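[1] fold the following, please.
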Amino acid sequence: MATLLACLVVASMCVGVLGPVSATDTSRADASVLQEMAGSGTQEDPYRITNATELQAIHEDMDAHYVLADDIDASATADWNSGDGFDPIGSNDEDDGFTGTLNGRNHTVTGLTISRETTTAVGLFALVYGGTVEHLSLEGVSIEGQNGVGGVTGAALDSATLEDVSVGGSVSARKSTVGGVAGNVADSAIVGAHSSAAVSSTRSAGGLVGTLSGGTLRSSSATGDVTVTDITAGGAVGTAAGGSTVTRIYAHGAVTGTAGIGGLVGYNDESEVSNAYATGAVTAEKEFGGLLGVNEGSTANLYWDEETTGVDSGVGVADAAGTGVTTDEMRGAAATSGLSGLEFGLVWATTDDYPVLRTEVESVALRAPDQVITDRTATATVRVSLAGGRTVTATETADYSVNQSFLSVDRGVFDTSGTGMADVTATVAGRSGSDAVSVVTPPDISVESRSLRYDRVGSETAAPVDVTLTNDGGADGTFDVVLSIDGSVEETRTVTVPGHSTTTVRLNYSAPATGTYPVAVNGTSLGNLTVVEEPETSVASAAISESPLAVGNSTTIEATVENAGDAAAGHTVELTAGGRTVATKEVVVPADGATVRFNYTGESVGEYDLAVGGASAGTLTVAEMGSVSIESGSVPDSVEAGASYEVTVTLANSGGLPLSSDVAYSVGGSSVGTQTVEVPADGTTVTFEATAPDDSESIGHSVTAGDAEWTGSTAVDIETATATAESSDDGGDGDSAGDGDSGANDGGSNDGDGMATSGDGSGFGVGAALVALLAGLAATRYRRQ
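    Numbers count the residues shown, from 1 in each chain. Alright, predicted model coming up:
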């Protein structure tokens, strides 16, 4: 039988890898899609894939480098190609295999659909030929082919590498050779893979790999069920042949077939299977084992769960292998001894369930109770996230550390010797998670006070009983407040009191009739309650505390309620606005009356007649809260230097309510003064007084109020000095008049004012005239300044 099985397996391998591709109705993304993608396809600048169409476009350049830039929703592929779905990238021809790299960057492709029952080499890739696919998750896949079918690739040949990949969904081959991750793997390696996919075919099926020939499967796991209608199926590998290495793996899925069925590997043909375990139920007619269906290779450190697999033999045919253990021996901390051949601490990590590979652990989260009470048991929860979206707990097996000496943790259970805050850290497979823990004393709750608020009430009024509880402990706790009337328990109320705090609770007792009733709380008497006929009560007056009111703001309405009797009585107080009830309060009115307050919010502009119990509180005006603007301003046209002047602005209020505003006056950017003014709804004026400068010919005014600004200007008159050119002459006889040699102009004379005049009447020489002109220009310029 083993020889026949081997022949069938080899035949299936040949069909899976080399079988012809059946014609299908396919369409591929054209080269333009690739050209429009970000990146250039080099190792330094890979193409960046963002959707399923770009994923399909990989076929346009099978040698290039690619990365996923985001998670991809590929659910639309179910309708592609007339229902055939996504077209496997490449084909099973070596010349059309993927030789580049695809790095998923830990992103997920969801909903990939491939339906090609007559096609060989089917998967996301048809054939990875020396290429690399890594850090990629495929979830919710539905992949069907004829031979050589896998979630990631139909075949992986010629030193191809699949690393840190995971598959979930369903993968099936109508004939032979199917794996959750890859159908055929030859002279290639799969490392760090996981599959939860349901796998099925006629023969040669594995949770991870259908047929492994001369390849390596390491540090991987499978949790999906595997089913064949004929022979050769394994929880992880259908057939391991040609000197393959299968190590550091585990399988949890159920495996079903007719013969050559193993919880781990269906047929071990001259290959090495080691450091692994299986737990899935194994069902077959013959040649089946908890680990291997047929074993014609070498094995070491293999274990199977005799209880969950349902078989007591590790191997169906040929050499025995492995150790059968109970479920309890494989789970939790017991696994280190029950599975002693596995490399715990180096390769494997214990959990509260079966062991996992340390490389699968992605994160650890510790959750502790909000409070740990010193005399009570408390337990943490450690949740471990694994590759492929799985989670397990490791509460009992995690390593714990605490930063405070008063707290320790063992197998998830807290042990305390004091109180305070502490940080707790749980570590699994080198990954850690922390949480803060408050260690407190137990609750210590007592009754601080209890009182019968009124010893006389009306027959229609419930008598309030107030009880104040104090918790001197650190932990929150509950306390049962028991109200007794005439020795019988009337009400028991459970009250939660936070640690180190006080809580007051009110119980109300309604007597069945008039009379006297002894009242007690938790056994302590509060005296007698006298119940009389219900007194009459009424609202005597009401008033509004603030009006007008801005829209959206609230005001208080205060009402006085009178009691005509000598016992407390209940009263329903209603607040109405324009005759419509807007609020109601149930109050107990003592014999000397009570004050009741309502808050009323002005929701829209208008006037509202408010009343309490029929007593008018007045009219409430609700207006918009406006803003302040400057309507106008006035300043003098001119002012003398050093003189006082006034600046007056008129402020407007856009709303119906008075507003307070800071009004600031400045000149040339320098502050002169600020006034805070009340701006009524109809506006107001503000005046500033200042002194004109003596060194500037104008004043630039600026007045601001809120966001508004007004500007203006005033001319300044500055005193001017007129430069006068005077010349002085003494008028000496003989020298000042005459003709000829005297050197004076003809007819020249001295006019007595010191200014010389020429014979033609001008009185100026050319030089004197120029001086006078310059002096006049200077004086004019000074005045303008």
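[2] neighbours of the nearest residue to residue 290 once chain neighbours are set aside, how many?
    Once flanking residues are discounted, residue 290 sits nearest to residue 304: 3.2 Å by C-beta to C-beta, 6 or more residues apart in numbering. Any C-beta I mention is one placed from the backbone N, CA and C, and that applies to glycine too. If you count neighbours by other C-beta atoms under 10 Å, residue 304 ends up with 33.
[3] where does residue 341 sit, in terms of helix or strand?
    Using DSSP states H and E, residue 341 is not contained in any helix or strand.
[4] report whether the residue nearest to residue 290 is found in a strand, as I expect.
    Yes: per DSSP: H, G, I helix; E, B strand; the rest coil, residue 304 lies within a strand segment.
[5] ok, it - contacts?
    By C-beta atoms under 8 Å, 6 or more residues apart in numbering, the residues touching residue 304 are 263-264, 277-279, 289-291, 311, 314, 322-325.
[6] for residue 235, see how far away it is.
    10 Å (C-beta to C-beta, to the nearest Å).
[7] who touches both of those two?
    Common neighbours of residue 304 and residue 235 (C-beta under 8 Å, 6+ apart) are 263, 264, 278.
[8] and which of the contacts of residue 304 is nearest residue 129?
    residue 264 (28.1 Å; C-beta to C-beta).
[9] so what's the closest residue to residue 694 other than its chain neighbours up against?
    The shortest distance from residue 694 to any non-neighbouring residue, by C-beta to C-beta, 6+ apart, is to residue 641 (3.8 Å). Residues near residue 641 by C-beta under 8 Å, 6+ apart: 692, 693, 694, 695, 716, 717, 718, 719.
[10] before we move on, what about residue 415?
    Neighbour list for residue 415: 407, 408, 409 [criterion: C-beta under 8 Å, 6+ apart].
[11] so what sits opposite the first one in the bridge?
    With DSSP bridges as the criterion, the beta-bridge partners of residue 407 are residue 416.
[12] what about the helices in the protein?
    2-18, 31-36, 52-56, 306-309, 327-330, 335-338, 766-784 (DSSP state H).
[13] distance across stretch 77-92, terminal residue to terminal residue?
    Counting by C-alpha to C-alpha, to the nearest Å, you get 21 Å between the two ends of stretch 77-92.
[14] flag every buried residue along that stretch.
    Under the neighbour-count criterion of 16 or more other C-beta atoms under 10 Å, stretch 77-92 has 77-78, 80-81, 84-92 buried.
[15] and stretch 435-452, by the same measure?
    Those would be 435, 437, 438, 439, 440, 441, 443, 445, 450, 452, for stretch 435-452 by 16+ other C-beta under 10 Å.
[16] closest to residue 39 among the contacts of residue 415?
    The closest of the contacts of residue 415, once distances to residue 39 are taken by C-beta to C-beta, is residue 409, at 48.6 Å.
[17] for the closest residue to the closest one other than its chain neighbours, give its distance to residue 353.
    Leaving aside its chain neighbours, residue 409 sits nearest to residue 400 (3.9 Å; criterion: C-beta to C-beta, 6+ apart). Separation of residue 400 from residue 353 (C-beta to C-beta) stands at 19 Å.
[18] thinking again about what came up before, ranking by neighbours, what's the top pick from the contacts of residue 415?
    residue 409 (26 neighbours).
[19] so that residue touches residue 424, yeah?
    Yes: here residue 409 reaches residue 424: they are 6.0 Å apart, a contact under C-beta atoms under 8 Å.
[20] which residues are in contact with both of these two?
    380, 400, 402.
[21] would you confirm that residue 618 contacts residue 545?
    No: the pair residue 618 / residue 545 is not scored as a contact, 10.2 Å apart, by C-beta under 8 Å.
[22] could I get the pLDDT score of the residue nearest to residue 290?
    Here, the pLDDT recorded for residue 304 equals 98.
[23] how close does it get to residue 326?
    On the measure of C-beta to C-beta, residue 304 and residue 326 end up 11 Å apart.
[24] beta partners of residue 261?
    residue 233, residue 288.
[25] for it, which residues are in contact?
    So residue 261 contacts 228, 231-234, 255, 282-284, 287-289, 293, 316 (C-beta under 8 Å, 6+ apart).
[26] hang on, the earlier thing: Throw the contacts of residue 641 into a markdown table and include distance to residue 477, pLDDT and neighbour count, thanks.
    Below are the contacts of residue 641 laid out as a markdown table (distance: C-beta to C-beta, whole Å; pLDDT from 0 to 100; neighbours: other C-beta atoms under 10 Å):
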| residue | distance to residue 477 | pLDDT | neighbour count |
| --- | --- | --- | --- |
| 692 | 79 | 94 | 22 |
| 693 | 77 | 93 | 16 |
| 694 | 82 | 90 | 12 |
| 695 | 80 | 90 | 8 |
| 716 | 82 | 95 | 20 |
| 717 | 87 | 93 | 13 |
| 718 | 86 | 85 | 18 |
| 719 | 90 | 68 | 10 |
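[27] closest one of the residues you listed to residue 37?
    So of these, ranked by how close each gets to residue 37 (C-beta to C-beta), first place is residue 693, at 71.1 Å.
[28] report the central residue of the chain.
    By C-alpha atoms, centre = their mean, the chain has its centre lying nearest to residue 365, at 17.6 Å.
[29] from what I see, that residue and residue 383 are in contact.
    Yes: between residue 365 and residue 383 there is a contact under C-beta under 8 Å: 4.8 Å.
[30] any idea how far residue 582 lies from residue 612?
    11 Å.
[31] and for the two, which residues touch both?
    575, 576.
[32] more neighbours: which of these two?
    residue 612 (26 against 14).
[33] flag the shaky bits of this protein, pLDDT-wise.
    1-30, 719-785 (pLDDT under 70).
[34] for the stretch 401-550 of the chain, what spans make up the strands?
    407-410, 413-416, 420-428, 431-440, 445-452, 456-458, 463-471, 477-485, 488-497, 501-509, 515-521, 524-532, 537-544, 549-550 (DSSP state E, counting those that start in this stretch).
[35] between the ones you listed, which gets nearest to residue 34?
    Using C-beta to C-beta as the measure, strand 431-440 is the one of those that comes nearest residue 34, at 38.5 Å.
[36] adjacent strands (with direction) for that closest one?
    Partners of strand 431-440 in its sheet, by DSSP bridges: strand 371-373 (parallel), strand 420-428 (antiparallel).
[37] just those strands: most buried one?
    The highest average neighbour count among these, using mean count of other C-beta atoms under 10 Å, belongs to strand 371-373 at a mean of 21.
[38] got the contact list for it?
    Contacts of strand 371-373 (C-beta under 8 Å, 6+ apart): 378, 407, 414, 416, 437-443, 474-476, 499.
[39] now for residue 662: which residues touch it?
    Taking C-beta under 8 Å, 6+ apart, one finds 674, 675, 676, 705, 706 in contact with residue 662.
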